[in-house]
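Peer 1: kindly generate the corresponding structure for this input.
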Amino acid sequence: MHGLQASPSPARVAAKLPYRVPMSMPSPSEPSYEARLEAVLESVSDAFYALDSDWRFVVFNRAAEEYFGVAREAILGRDLWEVFPQGLGTPFEASCRAAMRDGTPASFETSSRLRPDRVVELRIVPMRGGGVALTLTDITERKTADARQRLLANELNHRVKNSLATVQAIAAQSLRSPDVSPEARERFMARLIALARANDVLVAETWTGASLASVAAEMANPHGDDERFTIAGPEIHLAPQTATAMALGLHELATNAAKYGALSTPDGRVSLTWTLEGAAEARRLKLIWRETGGPPVGSPGQAGFGSRLIERGLASELQANVRLVYAPGGVVFSLTAPLSESVTEG
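Peer 2: The predicted model follows:
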């Protein structure tokens, strides 16, 4: 095209790219290196273009032609800011100049200024010897799918909360009988609230599960500030059903501690810690709840629903060995469970 400067060969551009490309000579029967490089650039679905140190286009692949709606013959050799003046004074310009001047790479998501209905991810990296290479990925469909998933998760959360509120209202009416003690009514309502809190944690992770730390923090929240609890351990991810069982089990422990144990006195403390032990198939989660500083504790004469929920519910859901000890110095609960699809590391 008239007035456009000739562009460097793909091999000369490759020598500047921020990654190493093998430069061995092909045999006569093999495609030339330039042909192979051009084939790679033409095959990728992301728009790719490169600029020399004078901001001139030196590479513009097929995907870039399709995205921007312009042939490379009309672009190669031209100045970026002449072709794309909309980019001046934007974060895009600042990132390009930082990459060109300081060798600082950048990656960010932004609305396309040429196509405002599209969202793109831009990656800008410096090339050895000067210039920058840019990759543009259209992520509009992915962002739309993410938004739809969040909408569905929020709708699910809304419906679950409505269901729990309905159950709570029915229970409140049904449990007003004089045959039902106020304590039993209070415990039942508290368990419904604990179930709702577990639901909130799952919604925050779009129902993919929840971290053990977030479940523990949500459980501790109604019972005072961080000074009352020590919560620590490596990153553990729980499947949704397992997270719910863990939340209900920890709620029972915290409720008992608030009424009869360490959290019933100003100086009482709870330590909830977990570790990972073993390797490969023998890798296991070991969790310990330990109360200190509370009143002397004795074993209850008969195991109630809360104790059964702690011991049997968690043991069944996590395939765990559990132990609940009413030691004089404070309740100690321990759980050892194998890692599985429901309990994963990281």
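Peer 1: please make it C-alpha for all contacts and neighbour counts, starting now.
Peer 2: Noted.
Peer 1: walk me through the domains of the chain.
Peer 2: Listed by automatic domain parsing, the domain ranges of the chain are 10-138, 142-345.
Peer 1: which strands or helices does the helix or strand hosting N154 pack on?
Peer 2: Secondary structure assignment for N154, by DSSP states H and E: helix 140-174. Helix 140-174 sits against strand 119-126, helix 182-204, with contacts defined as 3 or more CA pairs under 8 Å, 6 or more residues apart in numbering; DSSP states H and E.
Peer 1: deepest of these, which one?
Peer 2: strand 119-126 (a mean of 21; mean count of other CA atoms under 10 Å).
Peer 1: need the residues that contact it.
Peer 2: 17-18, 95-96, 99-100, 103-112, 132-140, 143 (CA atoms under 8 Å, 6 or more residues apart in numbering).
Peer 1: can you check stretch 335-346 too?
Peer 2: So stretch 335-346 is contacted by 234-239, 242, 281-288, 318-323 (CA under 8 Å, 6+ apart).
Peer 1: next up, the contacts around D52.
Peer 2: 58, 130-132.
Peer 1: for those residues, work out which two are farthest apart.
Peer 2: For the contacts of D52, the maximum inter-member distance is 12.1 Å, found between V58 and G130 (CA to CA).
Peer 1: now the helices and strands packed on helix 140-174 as a markdown table including mean pLDDT and distance to L248?
Peer 2: Output for those, formatted as a markdown table (pLDDT from 0 to 100; distance: least, CA to CA, whole Å):
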| stretch | mean pLDDT | distance to L248 |
| --- | --- | --- |
| strand 119-126 | 92 | 41 |
| helix 182-204 | 77 | 6 |
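Peer 1: filter the contacts of strand 119-126 down to the buried ones, ChimeraX style.
Peer 2: Here is the ChimeraX command that selects the buried residues among the contacts of strand 119-126 (16 or more other CA atoms under 10 Å):
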select :17,95,96,99,100,103,105,106,132,133,134,135,136,137,138,139
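Peer 1: quick one: which of the contacts of strand 119-126 sit in strands?
Peer 2: Counted as lying in strands by DSSP state E, out of the contacts of strand 119-126, are 106-111, 132-138.
Peer 1: I'd like those residues as JSON lines, with pLDDT appended.
Peer 2: What follows is the ones in strands among the contacts of strand 119-126, written out as JSON lines (pLDDT from 0 to 100):
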{"residue": "A106", "pLDDT": "94"}
{"residue": "S107", "pLDDT": "92"}
{"residue": "F108", "pLDDT": "90"}
{"residue": "E109", "pLDDT": "88"}
{"residue": "T110", "pLDDT": "85"}
{"residue": "S111", "pLDDT": "84"}
{"residue": "V132", "pLDDT": "94"}
{"residue": "A133", "pLDDT": "93"}
{"residue": "L134", "pLDDT": "94"}
{"residue": "T135", "pLDDT": "93"}
{"residue": "L136", "pLDDT": "91"}
{"residue": "T137", "pLDDT": "90"}
{"residue": "D138", "pLDDT": "89"}
